[in-house]
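*Asks:* how would this look folded up:
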Amino acid sequence: MRIAVCLKYVPDPGTIEVDPLTGVIAADRLLYMLNPADESALELALRLRPANGAVTVFNVGPVAADRLLQDALAAGADAAVRVWDESLHSLKPTITTILLAAALRVAELPDLILCGGHSVDRGSGTVPALLAEHLGWPVVTAVTQFEIQPVEMQPDGSPVLRVQRRLARGARAESEVSLPAILGLETGLVHLRQASLPNLMRVKHIPIPVYGLEELGLSPPDLHFPAMTLHEVMPPRPRARVTFTPDSSGSVQERVAQILSAGVAGKAGKIMEGGAPEQQADAIIEFLRQHGFLDQAA
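*Replies:* Numbering: from 1, shown residues only. Model prediction:
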């Protein structure tokens with residue numbers, strides 16, 4: 001089984017400092033790290049890899065991202081590919097997924113693609129779904145757990161993933177998806193294993209292949225993802241204000257009083273003090289009769 005893992009190089013939140021005068025992030029103090037959700041994806045891919053399988057990691061980013069890919073190789077990945085071109089000025093999810101889909105085709109499509117569900121910088125969570133759209137594959141997002149069902153248990157003999165995904169309010173749903181497929185994994189499922197020092201030293205001298213637009217068979221116009229065009233902004237219609245209308249059967253004084261009070265009837269009450277309990281009970285009954293809550297005594 002061939003597994004591909006999409007990795008992203010993101011700013012370390014602990015190193016973000018804002019200039020108090022300009023409000024601009026200090027880029028010279030910013031450090032980068034592997035996106036936490038992608039760490040879980042890489043570790044799960046390494047655990048899932050069979051004896052004759054391979055794990056390939058992909059990244060869209062500048063040359064500084066080579067360190068990220070070298071760390072993935074040191075952790076146990078079999079190959080790494082970086083996608084970049086000097087003409088790229090934006091790494092929006094729409095552009096990133098076009099580049100990833102082209103790189104996956106050039107490097108031979110795998111059987112399973114694992115992605116982090118969300119990144120700590122943008123957090124849109126759209127990469128797995130957009131990538132599945134470009135490849136025409138099924139996708140499952142918000143995955144918290146998955147396993148491959150034995151092939152002999154399937155009617156057609158094709159591999160099937162049993163997936164558990166997170167729903168709203170802590171609920172969980174289980175489903176099955178046939179390979180090839182794309183999974184968007186939640187953050188913190190597992191922690192990436194610690195690479196040994198010999199592996200870290202070895203990968204420092206391994207060149208990372210880079211795919212540009214020419215190698216991918218793309219041109220700058222191919223990256224112009226169709227976007228919605230704003231034609232008109234229509235604010236919601238304000239709710240009609242309800243105007244109170246007095247009762248026409250009342251007298252002039254009653255209608256004027258209703259208009260002044262906007263139809264809110266005043267509360268009528270009476271405080272009774274002292275007297276025996278029997279006398280207070282008789283007074284309450286009389287009060288209810290006067291206001292129509294009880295029938296008048298014969």
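*Asks:* going forward, measure contacts between C-alpha atoms and count neighbours the same way
*Replies:* Fine.
*Asks:* helix or strand for the closest residue to residue 162 other than its chain neighbours, which one?
*Replies:* With sequence-adjacent residues excluded and distances taken as CA to CA, 6 or more residues apart in numbering, residue 162 is closest to residue 176, at 4.5 Å. Residue 176 belongs to strand 172-178 when assigned by DSSP states H and E.
*Asks:* before we move on, what about residue 134?
*Replies:* helix 127-135.
*Asks:* list the buried ones in the following helix or strand past that helix?
*Replies:* Reading on from helix 127-135 to the C-terminus, the next helix or strand found by DSSP H and E is strand 139-149. By neighbour count on 16 or more other CA atoms under 10 Å, the buried set for strand 139-149 is 139-144, 146.
*Asks:* same thing with stretch 80-96?
*Replies:* By neighbour count with 16+ other CA under 10 Å, stretch 80-96 contains the buried residues 80-84, 93-96.
*Asks:* off-centre distance for that stretch?
*Replies:* Relative to the chain's own centre, stretch 80-96 is displaced by 21 Å; criterion: CA atoms, centre = their mean, to the nearest Å.
*Asks:* give me the mean pLDDT for that stretch.
*Replies:* Here stretch 80-96 scores 86 as its mean pLDDT.
*Asks:* what do you get for stretch 127-143?
*Replies:* For stretch 127-143, the per-residue pLDDT averages 92.
*Asks:* contact partners of that stretch?
*Replies:* Here stretch 127-143 makes contact (CA atoms under 8 Å, 6 or more residues apart in numbering) with 93-94, 96-98, 100-101, 115, 117, 163-167, 177, 180-186.
*Asks:* and what of stretch 96-103?
*Replies:* Stretch 96-103 has contacts (CA under 8 Å, 6+ apart) with 58-60, 83, 127, 130-131, 134-135, 211, 216-217, 223.
*Asks:* flag every buried residue along the helix or strand where residue 283 lies.
*Replies:* Secondary structure assignment for residue 283, by DSSP H and E: helix 277-290. Using 16+ other CA under 10 Å as the test for burial, helix 277-290 gives residue 286.
*Asks:* that one: how far from the chain's middle?
*Replies:* That offset, for helix 277-290, works out to 64 Å (CA atoms, centre = their mean).
*Asks:* hmm, the residue nearest to residue 162 is touching residue 149, no?
*Replies:* No. Counting by CA atoms under 8 Å, residue 176 sits too far from residue 149 to count as a contact (9.2 Å).
*Asks:* which neighbours do the two have in common?
*Replies:* In contact with both residue 176 and residue 149: 160-162, using CA under 8 Å, 6+ apart.
*Asks:* what's the helix or strand for residue 37?
*Replies:* Counting by DSSP H and E, residue 37 is part of helix 36-48.
*Asks:* contacts for that helix next, please.
*Replies:* Helix 36-48 has contacts (CA under 8 Å, 6+ apart) with 3-8, 55, 72, 76-77, 114-120, 185-193.
*Asks:* filter these down to the buried ones.
*Replies:* 3-8, 55, 72, 76-77, 114-120, 185-187, 189, 192.
*Asks:* mind listing what's buried in the helix holding residue 37?
*Replies:* 36-46, 48.
*Asks:* what do you get for stretch 218-225?
*Replies:* Judged by neighbour count (16+ other CA under 10 Å), stretch 218-225 contains these buried residues: residue 223.
*Asks:* for stretch 233-251, measure first residue to last.
*Replies:* 49 Å (CA to CA, to the nearest Å).
*Asks:* just the buried ones among the contacts of helix 36-48: which are in helices?
*Replies:* Counting by DSSP state H, the part of those found in helices is residue 72.
*Asks:* from the buried ones among the contacts of helix 36-48, which ones fall inside strands?
*Replies:* Among those, the ones falling in strands (DSSP state E) are 3-7, 55, 114-116, 185.
*Asks:* need those residues in TSV (columns: distance to residue 32 and pLDDT).
*Replies:* Listed next are these as TSV, based on distance: CA to CA, whole Å; pLDDT from 0 to 100:
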residue	distance to residue 32	pLDDT
3	25	94
4	22	95
5	19	95
6	16	94
7	13	94
55	23	95
114	21	94
115	19	92
116	17	90
185	21	91
